[in-house]
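Q: what follows is a predicted protein model with its sequence.
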Amino acid sequence: MVSFIYHFFTPQTSNNYRPRLLHPKILLLLTLFFFSAGLLMSFAKTNYPEILGISSDVSIDQLLILTNQKRQESGLPPLSLDGRLNTAAANKGSDMLAKGYWAHIAPDGATPWVFIRGAGYNYTFAGENLARGYTNTSDVINAWMASQSHKDNILSPNYNNVGFAVVTGNLNGEDTVVVVEMFGSTTLAAAPSKTQEETVKEVATGSTEESFAQVPKAQALVEEESSPLAQEKTNTETVASNVNPKIKPLINAETFSSNLASVAITIFMFVFILDMIIIERKKILRFVGHNLDHIMFLGLILALILVIIKGYIV
Amino acid sequence: MIKKFLKHLNYYLLLLIIFSIGLLATVFASPNTNLQILIIVLTIASYVFWGILHHKLNHELTNKIIVEYLLIGLLGFSIIFFIFTGGI
């Protein structure tokens, strides 16, 4: 057993002074393994979501606690959870999955305000933060707090209500967890630090990430009557019922695949380093590729994995 | 080992530049997975080409070395494929 391990991981006479793991046949076998495993996992995710799929520990309770914690640290009053904003957030999340977009404004032009008004919340101020691909609540909040526009929403004195949705589904071919946070207030009293002119200016600059709007209550009601809002509401509610955020698979595909890939790459890097040191010490002449090239390349693959599985915010 | 590295310093600087561009482009391409895959394929292809050219210019290129770079490149891509299809 020990000699097999040496044969597999270190250069010696039995493997022609190249660890068996680095021989072309083994490299080819491992390549085929990863291609097949990827296809197999894709099949399992589609057909057995209760066994293999995407799961996350992001919870609405924790989102509320952490959002209010950040506000309290800045001397701001906590936000209260509003059922209508929860509904608006759920409808927005479901709409993104159904229509395959990742933005504040839908391809059909529906803004976050359509969802908020559609849920029966006639706002004075409203805002929206979006995140996807995060596996725990604190990572979501930290990502938002690291972005000025999202932080401005969390720490805005203009809001007194908040609603959340955590929706699991497939977005443009990628199984993911979408987190929607919607802010709102129905009174002007909560906005002592901004004049109406300043607020409107923020909207006019057009940053969709700021997601900040100020519409007089009466105007919002008029818009509600003149736009096909009832139909929009029905559509989004139908979509929401098609998504089941409660499925918690036995194995989290993202964690499993990234861990397996990282372990495999680390083993390869370790074997390349070991091989480089032993060959250098024994002064053995070989005609093979430079180990340092491959170590750097595997380091790049490791970095790419971290980029790929990283969550996004808009 | 260090002497050998310093002798090939220019080659490694070029490799670092290729990898940095590939990594940054992948970051900026997110969340467009199709574009990310395209960038990664191009980066891996550049690595294989760089490896073969490096050995060619140093007069130490053999068929075995070409196969080695191709297989390491393919292994890297298979791992990325595994993450994209199986993981996310």
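A: Yep, it's here. Residues are numbered from 1 along each chain as shown, chains lettered A, B, ... in the order given.
Q: quick one, helices of chain B?
A: Counting by DSSP state H, one finds helices in chain B at the ranges B:2-7, B:9-29, B:33-57, B:63-82.
Q: including mean pLDDT and mean neighbour count, could those helices go into CSV?
A: (Glycine included, C-beta is placed from N, CA and C.) Formatted as CSV, the helices of chain B follow (pLDDT from 0 to 100; neighbours: other CB atoms under 10 Å in any protein chain shown):
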stretch, mean pLDDT, mean neighbour count
helix B:2-7, 74, 9
helix B:9-29, 94, 15
helix B:33-57, 94, 17
helix B:63-82, 95, 20
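Q: among those helices, which is nearest chain A?
A: Closest of the helices of chain B to chain A is helix B:63-82, at 3.7 Å (criterion: CB to the nearest CB).
Q: tell me the angle that closest one makes with helix B:33-57.
A: Relative orientation of helix B:63-82 and helix B:33-57, computed by axes from the mean of the first three to the mean of the last three CA atoms, to 10 degrees: 170 degrees.
Q: which phi and psi does residue A:164 have?
A: Dihedral pair for residue A:164: phi -130, psi 160, per degrees, to the nearest 10.
Q: can you check which helix is longest in chain A?
A: Counting by DSSP H, the longest helix found in chain A is helix A:253-282.
Q: can you name every helix or strand that it contacts?
A: helix A:24-47, strand A:52-53, helix A:291-309, helix B:63-82 (3 or more CB pairs under 8 Å, 6 or more residues apart in numbering or on different chains; DSSP states H and E).
Q: ok so, going back, just put the helices of chain B in JSON lines and tack on distance to residue A:15.
A: Formatted as JSON lines, the helices of chain B follow (distance: least, CB to CB, whole Å):
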{"stretch": "helix B:2-7", "distance to residue A:15": "23"}
{"stretch": "helix B:9-29", "distance to residue A:15": "28"}
{"stretch": "helix B:33-57", "distance to residue A:15": "22"}
{"stretch": "helix B:63-82", "distance to residue A:15": "15"}
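Q: ok, back up a step: just the buried residues of the longest helix of chain A, please?
A: A:253-254, A:257-258, A:260-262, A:264-265, A:268-269, A:271-272, A:275-276, A:279 (16 or more other CB atoms under 10 Å in any protein chain shown).
Q: with respect to residue A:142, which of those is nearest?
A: Lowest distance from residue A:142 to the buried residues of helix A:253-282 (CB to CB) belongs to residue A:254, with 18.4 Å.
Q: among the helices and strands of chain A, which has the poorest mean pLDDT?
A: helix A:217-226 (a mean of 30; mean pLDDT, DSSP states H and E).
Q: re the thing from before, looking at the helices of chain B, spot the one closest to residue A:300.
A: Comparing these under CB to CB, the one sitting nearest is helix B:9-29, at 4.7 Å.
Q: great, nothing more from me.
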